[in-house]
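Trainee: missing the sequence, but the structure's below:
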């Protein structure tokens, strides 16, 4: 009976991995649209965060109620660390790009998979094979080239770079909190809880910083709704769901696709130039991530087959 139960559990885990990988891929692609949509929003950064996450919270709680799962106040308590991490990431990152170059801030943020990989191995018992680690480094190098190859004359500063480092740590903490929440709540509950925390943090910090938090006009509401549907419903919801089905380090490594997709969308929609070097680097990132995905699916199938035998 024990062997049969274990076999069933292994088979279920193996079947969940491809779905989790697909969800993570869709999530990072949706997140990449946020950069494009932000170009059309005539709002301060923390105002965008306040309205975006508050409306997202309202929408997801209605979804939960329709499915017979009301939003309980204990969810706010359980999702506190994830919400604080996500809210801090938004505050630190948008503060960073005001004091340093977007290239510096984005490059520092791309180091997140290294930090998350260390935490995943130390506290979640995840084993990263040498081959996967090497492909992760290829993806990291490719993302670095994509970002740094863009021409930028923005002013840089140590203070801005330190804020970017703080944003990177906060973004990493959000991923870790999402992975850790699987034992206390569903991914939907975690997403709802972190969204209201993030909206509150953006509001509380935005006011003393002089951010214009006035009611958005009709045009801004249109772009906000698109951002909520993409970055919120598809991005955050799917990534939180996926992190309960795939290793934490894999989900974090997937975020290296964000600058690639953002550059491609900017080329298609905003007619921004993509250099030949960037194109090669983008192909390297996609290829490296494809190899990581391949490595995650093949061993799972073999392990399930071996256990069944």
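Mentor: Arrived safely. Just so it is clear, the structure is predicted and the values come from calculations on it, not from any experiment.
Trainee: all helices of the stretch 51-200 of the chain, in order?
Mentor: 73-78, 80-99, 102-109, 112-123, 130-148, 158-180, 187-206 (DSSP state H, counting those that start in this stretch).
Trainee: please apply the same query to the stretch 201-309 of the chain.
Mentor: Using DSSP H, counting those that start in this stretch, helices in the stretch 201-309 of the chain cover 218-227, 237-242, 248-254, 257-269, 276-308.
Trainee: on contacts alone, who are the packing partners of the fourth one?
Mentor: The reference is to helix 257-269. If you count contacts as 3 or more CB pairs under 8 Å, 6 or more residues apart in numbering; DSSP states H and E, helix 257-269 packs onto helix 2-38, helix 130-148, helix 276-308. Bear in mind the C-beta positions are built from the backbone N, C-alpha and C, glycine included.
Trainee: what does it contact?
Mentor: With contacts defined as CB atoms under 8 Å, 6 or more residues apart in numbering, helix 257-269 is touched by 25, 28-29, 31-33, 35-36, 106, 110, 142-143, 146-147, 150, 272-274, 278, 282, 285-286, 289.
Trainee: gap between that helix and the chain center?
Mentor: Offset of helix 257-269 from its chain centre (CA atoms, centre = their mean, to the nearest Å): 16 Å.
Trainee: list the buried residues of it.
Mentor: 257, 258, 259, 260, 261, 262, 263, 264, 265, 266 (16 or more other CB atoms under 10 Å).
Trainee: closest to residue 56 among the residues you listed?
Mentor: Comparing the buried residues of helix 257-269 against residue 56 with CB to CB places residue 258 closest, at 18.8 Å.
Trainee: and that closest one, how close does it get to residue 169?
Mentor: 18 Å (CB to CB, to the nearest Å).
Trainee: quick check: residue 132 touching residue 295?
Mentor: Yes. Contact criterion CB atoms under 8 Å: residue 132 and residue 295 qualify, at 5.5 Å.
Trainee: can I get the helices of the stretch 201-309 of the chain in JSON lines including distance to residue 180?
Mentor: Formatted as JSON lines, these follow (distance: least, CB to CB, whole Å):
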{"stretch": "helix 218-227", "distance to residue 180": "27"}
{"stretch": "helix 237-242", "distance to residue 180": "11"}
{"stretch": "helix 248-254", "distance to residue 180": "9"}
{"stretch": "helix 257-269", "distance to residue 180": "23"}
{"stretch": "helix 276-308", "distance to residue 180": "20"}
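Trainee: out of these, which one sits most buried?
Mentor: helix 248-254 (a mean of 26; mean count of other CB atoms under 10 Å).
Trainee: burial count for residue 130?
Mentor: The burial count assigned to residue 130 is 7, neighbours taken as other CB atoms under 10 Å.
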